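Enquirer: curious how this folds, go ahead:
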Amino acid sequence: TGIIKDENERMLRQVETVLQMAQIDKGEIKINKENIGLKEVIESAAASMQLPVQQREGHITIHWEGNDVQIYADPNHIMNVFINLLDNANKYSPEAPAIRIHVYSDLSKVTIAIHDKGIGMSKEVTKRVFETFFRATSGNIHDVKGFGLGLSYVKAIVDMHNGQIEVQSELGKGSSFIIR
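Expert: Prediction:
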């Protein structure tokens with residue numbers, strides 16, 4: 001029942017992402033910002049991905065540098081951003097996923113980096129990975145379900161929160177998504 005519940009939640013997230021991307025394209029998406037604790041959001045996202053990662057004998061670790069910070073953000077959209085990035089880290093890891101979330105905070109900014117040791121991406125792919133409907137055409141990436149919407153949604157939401165996202169990746173060595 002746990003697996004069925006998780007798959008239902010995954011499918012619901014996919015449908016929500018498609019609908020949200022349509023709203024973003026039309027300029028109709030609503031962002032309801034409020035003060036939220038970043039630690040609570042990240043820990044909640046990691047907890048929601050714990051079962052699928054553990055089913056593949058993997059793990060998620062969180063490392064904090066600095067204090068918990070309050071961010072002014074839409075809690076649902078920000079949660080979806082982290083879940084999407086963690087889900088990708090899980091899906092694109094050919095073996096037991098080793099996912100690390102590293103949070104650095106100081107008085108002026110916060111940086112969240114999500115690292116995996118998955119299949120990685122070429123430089124050409126990293127240049128286009130945030131494009132709507134983009135899917136890499138080589139390697140074993142087609143074994144992974146998806147529509148090429150997740151990372152474009154992530155970028156759009158980060159942009160709407162006046163943040164920045166970048167990806168660093170190397171084929172065969174994994175990827176890091178860094179949000180500032």
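Enquirer: what residues are up against D116?
Expert: Contact analysis of D116 by Cβ atoms under 8 Å, 6 or more residues apart in numbering lists 89-90, 92-93, 97-100, 174-176. Placement of C-beta: from N, CA and C, glycine included.
Enquirer: low-confidence stretches in the chain?
Expert: 17, 20-26, 28, 133-148 (pLDDT under 70).
Enquirer: now rank the contacts of D116 by neighbours and give me the top one.
Expert: Neighbour tally across the contacts of D116 (other Cβ atoms under 10 Å): the maximum, 27 neighbours, falls on A89.
Enquirer: ok, now which ones touch it?
Expert: 97, 99, 114-116, 118, 175.
Enquirer: taking these one by one, which sit in strands?
Expert: The strands, defined by DSSP state E, take in 99, 114-115, 175 from these.
Enquirer: make CSV from the residues you listed and add distance to V81 to it.
Expert: Listed next are the ones in strands among the contacts of A89 as CSV, based on distance: Cβ to Cβ, whole Å:
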residue, distance to V81
I99, 15
I114, 10
H115, 16
S175, 15
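Enquirer: all helices for this structure, in order.
Expert: All helices of the chain, identified by DSSP state H, fall at 2-26, 38-55, 75-91, 123-128, 150-160.
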